[in-house]
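Novice: show me how the following folds:
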Amino acid sequence: MKIFLQVVFFLDCLALIGLILLQMSEHATLGGAFGAGMSSTVFGRDVKRDPKKIATGVLGALFIGLGLALAVL
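Specialist: So this is what the prediction gives:
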């Protein structure tokens, strides 16, 4: 059981790293300092419906849960 959890933890770590690296912020460039990120919608980006951010939250929660479970075992 512990080896299975370690494998899942390792795969979760890789997925989390890859997903975070894929998220390029619209405000990371020089244009972001002048409001270029506001061009997505009238009132700015819809952060609530961004699937990358939702997946990052789920993978992060799984990371913490698996880390706690492995620490107890």
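
Novice: and stretch 5-20, C-alpha only, in CSV?
Specialist: Taking C-alpha atoms only, stretch 5-20 is exported to CSV below (Å, rounded to 0.1, in the frame of the first residue of the first chain):
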residue,chain,number,x,y,z
LEU,A,5,0.8,5.7,-2.5
GLN,A,6,4.4,6.7,-3.2
VAL,A,7,3.9,6.0,-6.9
VAL,A,8,0.7,8.0,-7.0
PHE,A,9,2.4,10.8,-5.0
PHE,A,10,5.3,10.9,-7.5
LEU,A,11,2.9,11.0,-10.5
ASP,A,12,0.9,13.8,-8.8
CYS,A,13,4.1,15.7,-8.3
LEU,A,14,5.0,15.5,-12.0
ALA,A,15,1.5,16.4,-13.1
LEU,A,16,1.5,19.4,-10.7
ILE,A,17,4.9,20.6,-11.9
GLY,A,18,3.9,20.3,-15.6
LEU,A,19,0.6,22.0,-15.0
ILE,A,20,2.1,24.9,-13.2
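
Novice: which parts of that stretch are buried?
Specialist: Of the residues in stretch 5-20, those buried by neighbour count under the rule 16 or more other CB atoms under 10 Å are 9, 12, 16, 19. C-betas here are computed from N, CA, C, even on glycine.

Novice: so which of those are in helices?
Specialist: Secondary structure of the buried residues of stretch 5-20 is defined by DSSP state H; positions in helices are 9, 12, 16, 19.

Novice: nearest to residue 70 among those?
Specialist: Compare each of those with residue 70 using CB to CB and the shortest gap goes to residue 9, at 6.2 Å.
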